[in-house]
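J.: need a 3D model of the following:
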Amino acid sequence: MLVDTHCHLTYVGLAEQQETVVRRAAAAGVQRMITIGAHPADHPPALRTAEKFPEVFAALGIHPQHAHEAGADYIAPLRAAITANRRVVAVGECGLDYHHESAPADLQKRAFLAQLGLADQLHKPVILHVRDAHADALAIMRDFQHLSFVVHCFSGTPQEVRQWIELGAYIGFTGIITYKNAADVRAACHLVPSNRLLVETDAPYLSPQPVRKIKTNEPVFVTHVARQVAVERGITFEEAAQITTCNAHRLFGLDVPCAT
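T.: Below you'll find the model as predicted:
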């Protein structure tokens, strides 16, 4: 069994073929998926998807690129949506993204802090999006390291992953780990403790090798991510699947078989 701990089944490319995508993944052993509602308009579709498919769970949050679109009072409806649905397993994705500069940094930080506070109140794990903003995100999370959280789609350096590990983070690897120019990400994979490893697709983005020419990524391709993680760590694919599945169970409380 594998768990795709981060995908967007409500986004264009996957939303039109959800049933086929979910069934194809389950047939390949990807029997649990977490679909992310990344902004208020995306929350209802994410919830409907999680309710429709027993293989799918949801996380709800405000992506930093949407921090300027959320409106003045988004925390109350976000809290209500999370508490009303048992299939919501995390807050997020939330965090900081200085690469796209779609929202001012101060606004991103306020949204990030508000969602961390909500996760703290609700005793939910957090899914972090951090791109070109590791220093600021680390500084914020040092006040919230009592939370359980994952740095999803890790694309930083070995030094940055060491700092995240010191805070107790789980680290999610995507198809980026299979790319020729991603030496830093592969080096970081070697440093993550076994009990902190997760795999994900971030579908419909970041199709891994050897299916990178397929522009719409999907959860079934998390198998390629897990195989590359196994290669980097010198373990079998089956061991990588077992380790990452157990970690997903521990972090998100998923109903998956776990020996530890």
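J.: could you list the low-pLDDT ranges of the protein?
T.: 259-260 (pLDDT under 70).
J.: list the pairing partners of the lengthiest strand in it within its sheet, with orientation.
T.: The single longest strand within the chain, with elements called by DSSP state E, is strand 88-97. Here strand 88-97 has these sheet partners by DSSP bridges: strand 56-60 (parallel), strand 126-131 (parallel).
J.: list the buried residues in whichever helix or strand comes after the last one.
T.: Read it as strand 126-131. Using DSSP states H and E, the helix or strand that follows strand 126-131 in sequence is helix 134-141. By 16 or more other CB atoms under 10 Å, the buried positions in helix 134-141 come out as 134, 136-138, 140-141. In this view, the C-beta of every residue, glycine as well, is placed from N, C-alpha and C.
J.: tell me which residues are up against helix 134-141.
T.: 95-96, 98, 105, 109, 112-113, 116, 128, 130, 149, 156, 160, 163-164, 167, 169 (CB atoms under 8 Å, 6 or more residues apart in numbering).
J.: please redo it, this time with the cut-off set to 6 Å
T.: Helix 134-141 has contacts (CB atoms under 6 Å, 6 or more residues apart in numbering) with 95-96, 130, 156, 160, 163, 167.
J.: again, but for stretch 227-245
T.: Against stretch 227-245 from outside (CB under 6 Å, 6+ apart): 1-3, 173, 177-178, 186, 189, 194, 197-199, 226, 256.
J.: before we move on, back to that, buried residues, the following helix or strand past the longest strand of the chain. List them.
T.: Proceeding C-terminally, strand 88-97 gives way to helix 105-122 as the next helix or strand, assigned by DSSP H and E. By neighbour count on 16+ other CB under 10 Å, the buried set for helix 105-122 is 108-109, 111-112, 114-116, 118-119.
J.: and if you look at stretch 250-260?
T.: 250-252, 254.
J.: for stretch 53-71, same thing?
T.: In stretch 53-71, counting by 16+ other CB under 10 Å, buried: 53, 55-67, 70.
J.: one more: stretch 19-26?
T.: Neighbour-count burial for stretch 19-26 [16+ other CB under 10 Å]: 21-22, 25-26.
J.: now render those residues as JSON lines, adding secondary structure.
T.: Formatted as JSON lines, the buried residues of stretch 19-26 follow (DSSP: H, G, I helix; E, B strand; the rest coil):
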{"residue": "Val21", "secondary structure": "helix"}
{"residue": "Val22", "secondary structure": "helix"}
{"residue": "Ala25", "secondary structure": "helix"}
{"residue": "Ala26", "secondary structure": "helix"}
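J.: which stretches in the protein count as helices?
T.: Taking DSSP state H as the criterion, the chain carries its helices at 18-27, 43-52, 75-84, 105-122, 134-141, 158-166, 183-191, 222-233, 237-252.
J.: for Lys215, which of these is the nearest?
T.: Counting by CB to CB, Lys215 lies closest to helix 18-27 out of those; the figure is 14.4 Å.
J.: contacting residues around the closest one?
T.: So helix 18-27 is contacted by 9, 14, 53, 55, 218-220 (CB under 6 Å, 6+ apart).
J.: repeat for stretch 104-121
T.: 61-62, 64, 67-68, 75, 79, 91, 94-96, 126, 144, 147.
J.: also stretch 146-157?
T.: 6, 119, 125-128, 130, 134, 164, 169-172, 174, 176, 184, 198, 202, 251.
J.: now, of those, which are buried?
T.: 6, 119, 125-128, 130, 134, 164, 169-172, 174, 176, 184, 198, 202, 251.
J.: circling back to that earlier point, now the contacts of helix 18-27 in JSON lines, with distance to Pro210?
T.: Shown next, in JSON lines, are the contacts of helix 18-27 (distance: CB to CB, whole Å):
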{"residue": "Leu9", "distance to Pro210": "23"}
{"residue": "Leu14", "distance to Pro210": "20"}
{"residue": "Phe53", "distance to Pro210": "27"}
{"residue": "Glu55", "distance to Pro210": "25"}
{"residue": "Glu218", "distance to Pro210": "15"}
{"residue": "Pro219", "distance to Pro210": "17"}
{"residue": "Val220", "distance to Pro210": "13"}
